[in-house]
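# model this:
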Amino acid sequence: MVKRFERFSCAISEIYRCWHKIAYDEMGKYGLRGPHVIYITALYRYSDGLNAKQLGQVCNRDKADISRAITLMEKKDIVYKTASGTGSYRARISLTQEGRAMAERIIGKVMQAVEVGGKGLDEEQREVFYEALDLIAENLREISENGLPSEKAE
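Predicted coordinates for the structure are as follows:
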């Protein structure tokens, strides 16, 4: 069991480290940080825009990180806000034309990275992998929110 934990932990850490390096290298070309790739691809996917709360939910990021990212991307003319009349946090955030063009270039790089990263996996293996990854994430989220089952009994 300990060996499985170490293998899982080391593999997740390595994937996370490599993901950040790749994202940092690519997003640095635009004067942005690595995590901005998630926001830009999400806003591209939701072409009608999202408010900050929705963007945070889609990208699994906290309010402060979303606010900082939106501010920076607005300054760089990548996104714009459409006021909703109930405060800037509820304003709809959308990609500008420049932001959409950037997103298309980034998505091309993302697709390339995913393809190379999954080299050697057939479609069935890939599907099983993502199902297992989603299940592990869901289980660990439950533990992080509610504690380990043995802790509840104490």
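
# three-state assignment of residue 121?
Of the three states, residue 121 takes coil under DSSP: H, G, I helix; E, B strand; the rest coil.

# Pull out the buried residues from whichever strand or helix holds residue 114.
Element membership for residue 114, per DSSP states H and E: helix 97-117. Across helix 97-117, burial judged by 16 or more other Cβ atoms under 10 Å covers 99, 102-103, 106, 109-110, 113. No exception for glycine: its C-beta is placed from N, CA and C like everyone else's.

# After it, which helix or strand is next?
Of the helices and strands lying after helix 97-117 in sequence (DSSP H and E), the nearest is helix 123-146.

# Check what contacts the helix holding residue 114 and list those residues.
22, 26-27, 30, 37, 40-41, 43-44, 73, 77-79, 95 (Cβ atoms under 8 Å, 6 or more residues apart in numbering).

# Would you check the distance separating that helix from the middle of the chain?
14 Å (Cα atoms, centre = their mean, to the nearest Å).

# JSON lines for the buried residues of helix 97-117, including distance to residue 54?
JSON lines is the format used below for the buried residues of helix 97-117 (distance: Cβ to Cβ, whole Å):
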{"residue": "99", "distance to residue 54": "17"}
{"residue": "102", "distance to residue 54": "21"}
{"residue": "103", "distance to residue 54": "17"}
{"residue": "106", "distance to residue 54": "20"}
{"residue": "109", "distance to residue 54": "25"}
{"residue": "110", "distance to residue 54": "21"}
{"residue": "113", "distance to residue 54": "26"}
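
# could I get those as TSV with distance to residue 16 and pLDDT?
Shown next, in TSV, are the buried residues of helix 97-117 (distance: Cβ to Cβ, whole Å; pLDDT from 0 to 100):
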residue	distance to residue 16	pLDDT
99	26	97
102	24	96
103	23	96
106	19	94
109	18	92
110	16	91
113	14	92
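
# tell me the mean pLDDT over stretch 23-31?
The average of the pLDDT scores along stretch 23-31 is 92.

# residues making contact with it?
So stretch 23-31 is contacted by 33-37, 76, 78, 102, 106, 109 (Cβ under 8 Å, 6+ apart).

# cutoff 10 Å now
The contact list for stretch 23-31 (Cβ atoms under 10 Å, 6 or more residues apart in numbering) reads 32-38, 40, 72-73, 75-76, 78, 99, 102, 105-106, 109-110, 113.
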